[in-house]
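J.: Using only what follows, build the 3D model:
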Amino acid sequence: MVYQILLPALLILLYFIFKIFKEPKPFIKSIKSMFFSMGVLILMHTLNPAIGVPMPINMVNILTSGILGIPGICLITILNAVF
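T.: The predicted structure follows:
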């Protein structure tokens, strides 16, 4: 029963690991992505009156946007709009 879930998850994880290391410079690409997403977070924080959704800059939001990137910012925006 557990193997039905574990095996596809392991195959997907291995696929992403090989895809990441296939990039010529994966570290540089991830650093650029982190800075871009943090820049978008700061931009959304400054445009708070126009957007209407509060985007506080704290450690949790910075880590979420840095690790997840643009999907993380979308997640933060949705959670701040709902709650």
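J.: Buried residues, the one helix or strand in the chain whose mean pLDDT sits lowest. List them.
T.: For the chain, scoring each helix and strand by mean pLDDT, DSSP states H and E identifies helix 2-22 as the least confident one, at a mean of 76. Residues of helix 2-22 include none that count as buried (16 or more other C-beta atoms under 10 Å). No exception for glycine: its C-beta is placed from N, CA and C like everyone else's.
J.: what angle sits between the helix or strand just after it and helix 2-22?
T.: The C-terminal neighbour of helix 2-22 among helices and strands, as given by DSSP states H and E, is helix 26-46. Calculated by axes from the mean of the first three to the mean of the last three C-alpha atoms, to 10 degrees, helix 26-46 forms an angle of 100 degrees with helix 2-22.
J.: roughly how far is helix 26-46 from the heart of the chain?
T.: Computed by C-alpha atoms, centre = their mean, to the nearest Å, the separation of helix 26-46 from the middle of its chain amounts to 9 Å.
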